[in-house]
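In: Okay, sequence plus prediction incoming.
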Amino acid sequence: MSETSPLVQAQQQFIAAVPLGTTASSSCPLAQAYGHTLAEDLTAPTDMPPYHRAIVEGFAVNTSETRCADDGAPVTFTIAGEVKPGDDSCPEIGSGQAIRVSTGSILPDGDISIVRMWEAAIDDSGNSLSISRPFPPRFFIEDKGCDLKQGSVALAKGTKLDALDIGTIAGLGIDSIKVSHHPVVTIFSSGDEVIPFTDPLTPGTIRDSNSIMLASAVTAAGGTARIAGIMKDDFDAFVSAVKQALTTSDMILISGGTAIGDRDFISDLLREVGELIIDGVQMKSGRPLIMGIADGKPLVCVAGHPPEALRGFKLFGIPAMNKIAGHEAPLPEDDAPVFDGPPK
């Protein structure tokens, strides 16, 4: 068995410390529910399908009357009627009779089967058909409740709703569901050298591309991003700003500012406002990856270098967002190239 990498160990340790389902929840119209996470189990109000139905076009016949059919002794049925999609009942299928059906036609209980169109030899008059093989009971019939029984769980709490899920819920006739709110993520960039990305560069300065980049990544991951601006290397002011942000946010995301001089600035910041969980990861550009919990809310601190900031958010920020929204997804894998030293 391969040994767990330091990255995966750090991911597991941090996400284990993140509380599950801490964001607020409320009812949401189904049309606006895509990408949200279900805040409670969704149960089926009726059986699905709600009646027995044909799943192919053909003819409904009594199964027992097909059992002796073969190429040498075909069995003939009189076409006695038809049931169309939308009809509320199926005509009785008498002995020696066949009822024409379409996909979705309602069907009765009992020992009946569907003969598919290409398996039925219809005579020139169009009044009868013959078959040359037996058919199993309930062949190509979906029975009432075969997908979902009334009261069973259609979608579990914690499901992050995709388009298919929305269709499933609509098929149940449900137009409003309880979902977790999108996590509100407050984003800080840090460092005396960092300036707004719209400002002109001067020697020694770096434009803040991280805030808007990470805000876009938060939105793409299903969150609501709030850009709090650039924090200079003032420890007390930064602590105060983070504490204030915690009162209106579900998660804090910080880029840059790992160490200032001889001080582990961000590590000390997390210790001051809450609990430090991860203080660096043994991997390329892993030192700036620092994570903690404050007031039950995750704090994710990533590198200042934009590609590494985005990488850190993917590996730690997205799983934290998912979990506080109530969705426990598999941990993302690192797709960055392995660093084995400078070119030789």
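Out: Looks like it came in fine.
In: you'd agree residue 312 is up against residue 304?
Out: No - counting by CB atoms under 8 Å, residue 312 does not reach residue 304; the two are 10.4 Å apart. Just so you know, the C-beta spots here come from the backbone N, C-alpha and C atoms, and that holds for glycine as well.
In: If you count surrounding residues, which of these two has more?
Out: Between residue 312 and residue 304, residue 312 has the larger neighbour count (other CB atoms under 10 Å), namely 25 against 20.
In: Name the SS class of that one, please.
Out: Assigned by DSSP: H, G, I helix; E, B strand; the rest coil, the conformation of residue 312 is helix.
In: Now do the strands in the stretch 151-300 of the chain.
Out: In the stretch 151-300 of the chain, the strands defined using DSSP state E, counting those that start in this stretch lie at 153-155, 176-180, 184-190, 194-196, 206-208, 224-231, 251-255, 275-279, 290-294, 297-302.
In: Out of these, which gets nearest to residue 9?
Out: With CB to CB, the closest approach to residue 9 among these belongs to strand 275-279: 9.5 Å.
In: can you count the residues close to residue 278?
Out: Neighbour number of residue 278 under other CB under 10 Å is 21.
In: in the sheet, who's paired with it?
Out: Residue 278 forms beta bridges with residue 291, as assigned by DSSP bridges.
In: I'd guessed it sits against residue 293; true?
Out: No - using CB under 8 Å as the test, residue 278 is too far from residue 293 to be in contact (10.4 Å).
In: mind listing what the residue nearest to residue 294 when sequence neighbours are not counted touches?
Out: Nearest residue to residue 294, sequence neighbours excluded (CB to CB, 6 or more residues apart in numbering): residue 274, at 2.7 Å. Residue 274 sits next to 292-295, 299 when contact means CB atoms under 8 Å, 6 or more residues apart in numbering.
In: which one of these sits closest to residue 198?
Out: residue 299 (27.4 Å).
In: which intervals of the chain have sub-threshold pLDDT?
Out: Applying pLDDT under 70 to the chain picks out residues 1-2, 258-263, 284-287, 336-344.
In: 80 instead?
Out: Along the chain, the parts satisfying pLDDT under 80 run over 1-2, 257-264, 283-287, 335-344.
In: Go ahead and flag the most central residue of it.
Out: Taking CA atoms, centre = their mean, the centroid of the chain lies closest to residue 160, which sits 3.5 Å from it.
In: contacting residues around it?
Out: If you count contacts by CB under 8 Å, 6+ apart, residue 160 has them with 35-37, 222, 322, 325, 327, 329.
In: any idea how far it is from residue 38?
Out: 8 Å (CB to CB, to the nearest Å).
In: try residue 218
Out: According to CB to CB, residue 218 and residue 38 sit 21 Å apart.
In: And for residue 126?
Out: 51 Å.
In: now swap in residue 31 and tell me
Out: Counting by CB to CB, the gap from residue 31 to residue 38 is 16 Å.
In: same question, residue 272
Out: Separation of residue 272 from residue 38 (CB to CB) stands at 36 Å.
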